[in-house]
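Engineer: can you look at this prediction? I've put the sequence above it.
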Amino acid sequence: MAKDYVRRSNRPRPKRNSRTTGGSKRKAASQGLNIPWLAVILAVLLAAGLGYLIYLVKGSAERKPADINQTQAAPAAIDPLEQKPVEKWRYIEQLENKEIQVDVPVAEENSQPYLMQCGSFRSQSQAEQLKARIAFQGMESQVRRSDGSNGIWYRVILGPYQSKRQAEKDKHQLLRANVNHCAIWFWEG
């Protein structure tokens, strides 16, 4: 005959007698009183050590500074505020009399001013839209019409700038405002 291991719960359980269960209750009650004495002893020792440490700290804070000075031998009554500190280094005195020569190169002024082109469009309306976006950044631009071999183009131009640094500054401001494809070039004529 095959055993059914899955349905073990169908087996009849033996009935327990109240006399047999009474002994197990006594055993459980005695186990509940089992106190971990080692943990209790360690907790008491830890609390005692902490209390002693607090007592030492509190005792040292309550002593007056006069008591401390009386216990130590004071060599002489010198006020530490009247003493001037002694400097360890002498570089301050040495640097006061030094003079440094620095050659600053003179920037060559370019006779030609810089222009910046931010767009080139076939339709004038697109060029005007870009001009408006640039105007929102606080810069003034121009739309110039140019006739080339490819037809009519409308270029959006900023400038003229006297230095390339000024043009670069405006270019970076336009890049932060998502106005891309700006190119800086010399103005010829």
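Structural biologist: The structure has been received and is ready for your questions.

Engineer: now for the longest strand seen in the chain, which elements pack on it?
Structural biologist: Counting by DSSP state E, the longest strand found in the chain is strand 151-161. Applying 3 or more CB pairs under 8 Å, 6 or more residues apart in numbering; DSSP states H and E, one finds that strand 151-161 makes contact with strand 114-121, helix 124-136, strand 141-148, helix 164-176. Glycine gets a C-beta too; all of them are placed from N, C-alpha and C.

Engineer: give the pairing partners of it; include direction for each.
Structural biologist: strand 114-121 (antiparallel), strand 141-148 (antiparallel) (DSSP bridges).

Engineer: got the angle for that strand vs helix 164-176?
Structural biologist: Interaxial angle, strand 151-161 versus helix 164-176 (axes from the mean of the first three to the mean of the last three CA atoms, to 10 degrees): 120 degrees.

Engineer: mean confidence (pLDDT) on strand 151-161, please.
Structural biologist: For strand 151-161, the mean per-residue pLDDT is 92.

Engineer: and it with helix 124-136, angle?
Structural biologist: 20 degrees.

Engineer: quick one: distance of strand 151-161 to the chain centre.
Structural biologist: Averaged C-alpha coordinates place strand 151-161 at 44 Å from its chain's average position (CA atoms, centre = their mean, to the nearest Å).

Engineer: which residues does it contact?
Structural biologist: The set of residues external to strand 151-161 that reach it, using CB atoms under 8 Å, 6 or more residues apart in numbering, is 113-124, 126-127, 130-131, 134, 139-146, 167, 170, 182, 184, 187.

Engineer: reformat the helices and strands packed on strand 151-161 as a markdown table; add mean neighbour count, distance to I92 and mean pLDDT.
Structural biologist: Converted to a markdown table, the helices and strands packed on strand 151-161 look like this (neighbours: other CB atoms under 10 Å; distance: least, CB to CB, whole Å; pLDDT from 0 to 100):
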| stretch | mean neighbour count | distance to I92 | mean pLDDT |
| --- | --- | --- | --- |
| strand 114-121 | 20 | 47 | 91 |
| helix 124-136 | 15 | 53 | 94 |
| strand 141-148 | 13 | 55 | 92 |
| helix 164-176 | 15 | 38 | 91 |
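
Engineer: tell me the secondary structure at G49.
Structural biologist: Of the three states, G49 takes helix according to DSSP: H, G, I helix; E, B strand; the rest coil.
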